[in-house]
Structure formats: structure tokens, C-alpha cells
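1. Sequence below, structure please.
(one chain, ligands or ions: 3)
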Amino acid sequence: MDSITELVHMGKEKMGTWKKLGVVGVPVSKGQRRDGTDKGPKFLRDGGLLERLKKIGCEVKDYGDVDFGYIDNDMPHEHVKNPRNIARGSLKTADQVERCLRTEGHCLAIGGDHSMAIGTIIGHARVHPDMAVLWIDAHADINTPLTSDSGNIHGMPLSFVAHELDPYVPHMPGWDEVQPCIGLDQIAWIGLRDVDPLERKIIDKFDMNAFSMHDIDLHGIKNILDMALKAVDPEGVRPIHVSFDVDALDPVHTPSTGTPVSGGLSVREMCYIAEELALTGRLAMIDVAEVNPALGDSKDVDVTVRTTIDVIARFYGQRRQGIAPTGTDIPQATIRRNSLINAL
Ligand SMILES: NC(=[NH2+])NCCC[C@H](N)C(=O)O
Ligand SMILES: [Mn+2]
Ligand SMILES: [Mn+2]
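-> Numbering: from 1, shown residues only. Ligands and ions are numbered 1, 2, ... in the order given. The predicted structure is shown next:
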């Protein structure tokens, strides 16, 4: 090996993860009943997310936050809460995500409650209708407005984007332009452990790809990720959309979230998922949902934000085995070592 510089360039090629991406903030909170997820994008940015991505060699453009600009008097439709605001915000999100994907080739959407994914999936489908969706979550989020007990739209996003469920979704005011865009066979869940009875009925009826924590205990995370990918992307060619709800992780790691469920993914399992998916080279879009900095004490918020940023970095090429420095950002110590090695 001639020089460290050469090593640096080798590492860069091998990684294949030096990425250009756009970041879109989706500060939605009205998909559930607690204030605070609207501050998710701010806390992730203030927690150093963009700097972290740049440090690992990403070229990052910040598209700012989608302007939700909530309208007043958004009366519930039946028991579904904030229908007009969520529909409006979802369409704005879709436009912003589409613009970001067409310009940067990759979009990282930071939320926001999980109703954010209505807009991100619609926007993504305009660019890659054949995408594969990996929904990493304790919850299935496939209630329809009729099956939902809570009336919270963050528990329903998948029902609005899937063609097969269109006949089961009643018309709601403001929702004309929110149209299904993917098939149920394009979706796989990982991490489920709190699935409502009628959601289970939908999963069974359509024979969907649902991998629970039980399945992970049985087969191990490697096999489950392989099975999930094989289910949604058998040829290994599709652009991948990861919708990551931070409550997929065990609440000891992400306590500041609205619907924590014990017995979740370990950070190790999540890092494995993220590192493996990065290696496919086909990640097109990532949602990060349900960080709620208004919940828990400052320690809870801190560990939630830090863990979330840590996981995100692994989707963009940070690896536990270590990464070589980038060609443009060789640390001073490396340059000193370089001349030393060349002198030997
Ligand atoms: N994105 C989430 N955290 N969703 C939780 C959904 C909980 C419950 N299944 C509901 O529909 O209300
Ligand atoms: Mn969830
Ligand atoms: Mn969710």
C-alpha cells in the first residue's frame, strides 16, 4: 500500500455509500393526540443530525420543514381526528418529497407523527411507483377510519396508500386528492408487537408480509430481514422506502415517543437492519417518525434523539466495523501519519 490517500480512496469505493440526499422536515402532530412530535425535526436537527451525516461523507441539502399551517375548525369526521389538516399536510409533504427525490435522488424525511408517511409514500410513488416499503414499527398502522378505535390517523397511514384497501376507506372531507399508489405486496413490517384485532384481520385477509418480534425471536434478525426483503423485492432491484417509527426500538432506547410498547428491537438489531439496507445501495427514502421531545424528562429526550441519530447514520454508511476517512476530509493526524508512512 503506497499511501493513506490511496487507502482513503479505496475505502470510499468499497463503501459505495457516499451519498447525496435531501432532508425534509415533516412537523406533523395532529395524527395523534399529544403535542410534541411537531418538534421532532427541530430536535433531530439541533441534535446534530445533518452534521453527523456530513461527517460520514454525505452531501446533504436541507429542504427545511413542510409548512403545515393548520386550519382551525377541523371537526372530526365520525371519530377520525383532524382529517382536513392531515390531508392538506400530506399533499404538501408529497410535493416536497417528490421535488427532493427528483433533485437529490434520495430523501430523508424527519417527522412528525407517523401520519407523515401518507405524504412521503405518495410523493415517493410519483418517482418510483415500484418501490418496496419496509415498515419498521411496533404497530401495523393499517387501520382504516372504520376499524380504528382511537380515531388517530397515525394508526392508519397504510390504509390510505394501498390500492386494495381503497374500497374499505370511506370518503372524508378534503381527501379527494389523497389517492392510493402502491400494492399491499409492496409492504413488509418488521418489529410488530401491538397489532389491533381488525388490523390482524386485514393482514390475514390479504396475506401480508408481517414480521413480529416473535418472528425475530424465532428466526433471528438476519433471517427476518432477508425474508422481508425477499417478500417485497424478490429480484433485489427495487428502490427501498424505509418507514422507521422510533417506537420499533425498545422504550429503554427511545422513551420519548407517544405509544411505547415494551419488548422492542435492540439497538444492535436496528443497527444491523440499517447497515445491511445501506449495503443494498437501493435505499431511496427514509422516514423517521414519532420522536416526541415533549414526553419524558430531559434524559429521556436526550437518549431518544441520540439513539435515533445514531441509527439514521447507519442507514447512510456509518458502520460498526469503522469507516475510512473521506478523500476530501482527511484528518490532520492522518496527513501527519501519511507523511510518516511515506517516509518509511
Ligand atoms: N404510529 C403509531 N405510533 N401508531 C400507533 C397506533 C396505535 C393504534 N393501533 C391506533 O390505531 O391508534
Ligand atoms: Mn408505532
Ligand atoms: Mn407507526
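2. can we go C-alpha only for contacts and neighbour counts from here?
-> Noted.
3. spatially speaking, which residue is in the middle of the protein?
-> Asp287 (2.6 Å; C-alpha atoms, centre = their mean).
4. gap between that one and ligand 1?
-> 12 Å (C-alpha to the nearest ligand atom, to the nearest Å).
5. Quick check: chain neighbours aside, which residue is closest to Ala125?
-> Spatial nearest neighbour of Ala125, chain neighbours left out: Cys181 (6.3 Å); criterion: C-alpha to C-alpha, 6 or more residues apart in numbering.
6. isn't the one you found right next to Thr120, touching?
-> No. Look at Cys181 against Thr120 with C-alpha atoms under 8 Å: they stay out of range, at 11.3 Å.
7. that older thread, list the strands paired with the strand or helix carrying the residue nearest to the centre of the chain, with their directions.
-> In this assignment (DSSP states H and E), Asp287 forms part of strand 283-289. Applying DSSP bridges, strand 283-289 is found paired with strand 107-111 (parallel), strand 240-245 (parallel).
8. Packing partners of the following helix or strand past the longest one?
-> Along the chain past strand 240-245, the next helix or strand (assigned with DSSP H and E) turns out to be helix 267-280. Taking 3 or more C-alpha pairs under 8 Å, 6 or more residues apart in numbering; DSSP states H and E as the contact definition, the neighbouring helices and strands of helix 267-280 are helix 213-232, helix 298-315.
9. Mean neighbour count, these: which tops it?
-> Stretch with highest mean neighbour count among these: helix 298-315 (a mean of 20; mean count of other C-alpha atoms under 10 Å).
10. residues making contact with it?
-> 43-44, 47-49, 52-53, 56, 246, 253-256, 267, 270-271, 274-275, 277-278, 291-295 (C-alpha atoms under 8 Å, 6 or more residues apart in numbering).
11. and the protein, which residues reach ligand 1?
-> Within the chain, the positions lying close to ligand 1 (C-alpha under 6 Å from any ligand atom) are His114, His139, Asp141, Asn143, Ser148, Ser150, Asn152, His154, Gly155, Asp196, Thr259.
12. Now name the helix or strand holding the fourth one.
-> Okay, so that is Asn143. For Asn143, there is no helix or strand it lies in under DSSP H and E.
13. nearest spatial neighbour of it, skipping sequence neighbours?
-> Per C-alpha to C-alpha, 6+ apart, closest to Asn143 is Met156, 4.5 Å.
14. quick one, what contacts the one you found?
-> Ser115, Asp141, Ile142, Asn143, Thr144, Pro145, Ser148.
15. So which of these is the closest to Gly220?
-> Distance to Gly220 across the contacts of Met156 (C-alpha to C-alpha) is lowest for Asp141, with 23.5 Å.
16. Report the separation between that closest one and Asn292.
-> Distance, Asp141 to Asn292, by C-alpha to C-alpha, to the nearest Å: 18 Å.
17. quick one: which of these two has more around it?
-> Each of Asp141 and Asn292 has its neighbours counted (other C-alpha atoms under 10 Å); Asn292 has more, 29 against 24.
18. And for that one, nearest residue in space, chain neighbours not counted?
-> Thr37 is the one closest to Asn292 (C-alpha to C-alpha, 6+ apart), at 4.4 Å.
19. Spit out the contact partners of the one you found.
-> So Thr37 contacts Pro27, Val28, Ser29, Gly111, Gly112, Asp113, Glu290, Val291, Asn292, Pro293, Ala294 (C-alpha under 8 Å, 6+ apart).
20. Residue of this protein closest to ligand 1, please.
-> Gly155 (3.6 Å; C-alpha to the nearest ligand atom).
21. Now that residue, what are its backbone angles?
-> phi -90, psi 10 (degrees, to the nearest 10).
22. correct me, but it touches Asp113?
-> No. Contact criterion C-alpha under 8 Å: Gly155 and Asp113 do not qualify, at 9.6 Å.
23. what about Ile122, which helix or strand?
-> helix 116-127.
24. Return the angle between stretch directions for the helix or strand following that helix and strand 283-289.
-> On the C-terminal side of helix 116-127, the closest following helix or strand by DSSP H and E is strand 132-136. Angle of strand 132-136 versus strand 283-289, following axes from the mean of the first three to the mean of the last three C-alpha atoms, to 10 degrees, is 30 degrees.
25. what packs against strand 132-136?
-> strand 187-192, helix 213-232, strand 240-245.
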